[in-house]
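In: I would like the atomic coordinates for the input below:
(2 chains)
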There are 2 protein chains.
Amino acid sequence: MNVGIIGMGSIGMLMAAYLGRYHNVHVYVRREEQKEKLYQEGIYCDAVGHPVSVEAHLLEEGFPQSHDVLIVAVKQTGLDSVLDYSFPSNTPVLFLQNGMGHIEKLLERPYPSWVGVVEHGALKQDYCHVLHTGKGVVRIASVTKDENIKKIISSLNHYDFPVEYEPDYKEMLTSKLIVNTVINPLTTLFQVNNGHIISNSYLREIAEAVCREACLTLNRSFEKEWERVLNIAETTSENQSSMFKDMMEGRQTEVDAISGYILKKSRTPLPYHQFLIRAIHALQWEKGVRIHG
Amino acid sequence: MNVGIIGMGSIGMLMAAYLGRYHNVHVYVRREEQKEKLYQEGIYCDAVGHPVSVEAHLLEEGFPQSHDVLIVAVKQTGLDSVLDYSFPSNTPVLFLQNGMGHIEKLLERPYPSWVGVVEHGALKQDYCHVLHTGKGVVRIASVTKDENIKKIISSLNHYDFPVEYEPDYKEMLTSKLIVNTVINPLTTLFQVNNGHIISNSYLREIAEAVCREACLTLNRSFEKEWERVLNIAETTSENQSSMFKDMMEGRQTEVDAISGYILKKSRTPLPYHQFLIRAIHALQWEKGVRIHG
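Out: Presented below is the predicted three-dimensional model:
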């Protein structure tokens, strides 16, 4: 298949390295320097073991190729500027952002929209190198009706890089959102790896309260979602959350798309979410990072 | 006058250095080494400019001297063990602890009990050296009726180390408690100097919410107390709060005596206080500091 990927952050690179082994992968980037590097050296992922060559393009030059699927792997905070480009109307577009704030925008688009959650850990080293720090699954669901989704997913799926179809995108994104709203801001505020959510019993009490607020707002079972949070914190216990990484590297965080989305959805006050959003903004201010929106 | 001081932390040392210039000061410490050092070298405070000699005793040996006033300058967290010693019943005892949790214990004592708030900044360097980092006032009020308090306060008072009488101990301690419950846990959690409570507008929003909870619980005017908090954060903007210092040096903090006291007093949930207490406990856990009580 012919796969396009927009955004060469850690997740985009991981997808390109694994899919590029068996598919024709085109990547779209912002900087000429980045394009040149990727064109010349390909992508090297430690777990794949050999460089994978990709065709690199500048995003601003549009889409010269037709793709079977176009994957948007930019951060939530960079999504709006990507949505300004006109995508081919017959190509399904797979969005891999955290949060749920972007879903409404996708419903209006002329192309088939899919959403995915990536349950892998990945760490970008430079333009060409990415580390696969935690093995998982890519789950994909369609937002707008699409007959081809299962066929394409089964072509992308591979035993050492599983890609799975999910029938209900809301269910899938909601679970991911709850995990993110608990683990991300707390690990960032306390500057700890994911596992501390479980091992530090005081942090665990806070995490439980945050999870309760989220489940109440999104109308989900606390017991079920809390179980999921604990599982993920345990399997990724040595990992740093994406928000913690963003903060350490002085980038804007996705707190508004994650915790902010839940706070906005709620009709009652959510003091722990409100505290955490303010806290992450306060930390960004201390680091001199512009607040989004 | 003859003054006894129990506890040679930064505040005890500051009091000893200033009062020792014009009074006969006896200090009570726990360790033989500390006693020897103080006996030989006296106390040196940068702002006093010359060593002040004091008589040093081991606390466990009791009180060989009679004093006009006995000052207890240990932390709230060390108060219980000090209260186990039997104090002379005719000597007024001045307690300088943060919080209000100890007041009820003082009402039962056979000696006249006073309480004080120290609005100075002080930083202990070693057994014999203390820095005076912020000039202020010592305010003293009596908990149990005492005819002599005004006379003694006026003897301690000096133009460059003012000691003032306050008629209402509850009023005085409540204001101090509110300032502490806002500034201390927030500066500790965010690892910032006091001034950031004002300059970082996201932190300021959190501080305002914490202040509101405290005022509601303690039945005080939010406007008046918030004004006080802002004033103190401004005049001590370059200082680190005592809790932040305790945390950095791996000591137990006074969060339970400060925020915990307010949470316990409240008949409604105080989510920001609850969050902050858990957060400070979580940080102590990360630092390997035993949680009190």
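In: Chain A - how does it break down into domains?
Out: A:2-167, A:171-286 (automatic domain parsing).
In: quick one: contacts for the spatially closest residue to A:Pro162 that is not a sequence neighbour?
Out: Of all residues not flanking A:Pro162 in the chain, A:Val137 sits nearest, at 4.8 Å (CB to CB, 6 or more residues apart in numbering or on different chains). Just so you know, the C-beta spots here come from the backbone N, C-alpha and C atoms, and that holds for glycine as well. Residues in contact with A:Val137 (CB atoms under 8 Å, 6 or more residues apart in numbering or on different chains) are A:119-120, A:162-164.
In: For those, please prepare JSON lines with the additional fields secondary structure and pLDDT.
Out: Putting the contacts of A:Val137 into JSON lines (DSSP: H, G, I helix; E, B strand; the rest coil; pLDDT from 0 to 100) gives the following:
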{"residue": "A:Glu119", "secondary structure": "coil", "pLDDT": "87"}
{"residue": "A:His120", "secondary structure": "coil", "pLDDT": "87"}
{"residue": "A:Pro162", "secondary structure": "coil", "pLDDT": "96"}
{"residue": "A:Val163", "secondary structure": "strand", "pLDDT": "97"}
{"residue": "A:Glu164", "secondary structure": "strand", "pLDDT": "96"}
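In: if we take these, which one ends up nearest to chain B?
Out: Among the contacts of A:Val137, A:Glu119 lies closest to chain B (CB to the nearest CB), at 26.4 Å.
In: Just list the residues touching the closest one, thanks.
Out: Here A:Glu119 is in contact with A:136-139, A:232 (CB under 8 Å, 6+ apart).
In: where does chain A dip in pLDDT?
Out: For chain A, the stretches flagged by pLDDT under 70 are A:291-293.
In: What are the boundaries of the helices in it?
Out: Using DSSP state H, the helices of chain A run over A:10-19, A:32-41, A:79-83, A:103-107, A:149-156, A:169-190, A:196-199, A:201-218, A:222-235, A:242-248, A:255-265, A:271-286.
In: residues of the second one that come out buried?
Out: Buried residues in helix A:32-41, counting neighbours by 16 or more other CB atoms under 10 Å in any protein chain shown, are found at A:34-35, A:37-38.
In: which other helices and strands contact it?
Out: Here helix A:32-41 touches strand A:24-29, strand A:55-58, going by 3 or more CB pairs under 8 Å, 6 or more residues apart in numbering or on different chains; DSSP states H and E.
In: for the ones you listed, which one ends up most surrounded?
Out: strand A:24-29 (a mean of 23; mean count of other CB atoms under 10 Å in any protein chain shown).
In: Could you export the helices of chain A as a markdown table, including distance to A:Ala73?
Out: A markdown table is the format used below for these (distance: least, CB to CB, whole Å):
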| stretch | distance to A:Ala73 |
| --- | --- |
| helix A:10-19 | 3 |
| helix A:32-41 | 14 |
| helix A:79-83 | 10 |
| helix A:103-107 | 15 |
| helix A:149-156 | 14 |
| helix A:169-190 | 15 |
| helix A:196-199 | 26 |
| helix A:201-218 | 25 |
| helix A:222-235 | 20 |
| helix A:242-248 | 12 |
| helix A:255-265 | 15 |
| helix A:271-286 | 23 |
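In: Next, the contact list for the closest residue to chain B within the stretch 1-150 of chain A, please.
Out: Going by CB to the nearest CB, chain B is nearest to A:Thr77 of the stretch 1-150 of chain A, at 17.4 Å. A:Thr77 sits next to A:252-254, A:257, A:292 when contact means CB under 8 Å, 6+ apart.
In: among the contacts of A:Glu119, which ones are buried?
Out: Using 16+ other CB under 10 Å, the buried members of the contacts of A:Glu119 are A:136, A:138-139, A:232.
In: rewinding a little: just flag the most distant two among the contacts of A:Val137.
Out: Distance extremes for the contacts of A:Val137: the farthest pair is A:His120 and A:Glu164 at 12.8 Å, using CB to CB.
In: When these two are compared, which one has more neighbours?
Out: Between A:His120 and A:Glu164, A:His120 has the larger neighbour count (other CB atoms under 10 Å in any protein chain shown), namely 20 against 15.
In: list the contacts for the residue of the stretch 101-250 of chain A found nearest chain B?
Out: Residue of the stretch 101-250 of chain A nearest chain B, by CB to the nearest CB: A:Tyr202 (3.7 Å). By CB under 8 Å, 6+ apart, the contact list for A:Tyr202 reads B:278-279, B:281-282, B:285.
In: please redo it, this time with the cut-off set to 7 Å
Out: Contacts of A:Tyr202 were listed using CB atoms under 7 Å, 6 or more residues apart in numbering or on different chains, and they are B:278, B:281-282, B:285.
In: just A:Ile198 next, same as before
Out: Residues counted as contacts of A:Ile198 (CB under 7 Å, 6+ apart) are A:204, A:230, A:233-234.
In: Just the buried ones among the residues you listed, please.
Out: Buried among those (16+ other CB under 10 Å): A:204, A:230, A:233.
In: Out of the residues you listed, which is nearest to A:Ser155?
Out: Using CB to CB, the buried ones among the contacts of A:Ile198 come closest to A:Ser155 at A:Ala233, 33.0 Å.
In: Which two among the buried residues of helix A:32-41 are spaced furthest apart?
Out: Pairwise across these, and taking CB to CB, the largest span is found between A:Lys35 and A:Lys37, at 7.4 Å.
In: Dump the buried ones among the contacts of A:Glu119 into JSON lines; add distance to chain B as well.
Out: Shown next, in JSON lines, are the buried ones among the contacts of A:Glu119 (distance: CB to the nearest CB, whole Å):
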{"residue": "A:Gly136", "distance to chain B": "27"}
{"residue": "A:Val138", "distance to chain B": "33"}
{"residue": "A:Arg139", "distance to chain B": "32"}
{"residue": "A:Ile232", "distance to chain B": "19"}
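In: interface residues of the stretch 101-250 of chain A facing chain B?
Out: Contact residues, the stretch 101-250 of chain A versus chain B (CB under 7 Å from any CB of the partner chain): A:190, A:192, A:200, A:202-203, A:205-206.
In: Closest one to B:Leu177 out of those, please.
Out: Distances from B:Leu177 to those, taken by CB to CB, are shortest for A:Tyr202, at 22.5 Å.
In: Please tell me how far that closest one sits from B:Gly288.
Out: To B:Gly288, A:Tyr202 is 13 Å away according to CB to CB, to the nearest Å.
In: about what we covered before: for the domains of chain A, which one ends up most surrounded?
Out: domain A:171-286 comes out most buried of those by mean count of other CB under 10 Å, with a mean of 20.
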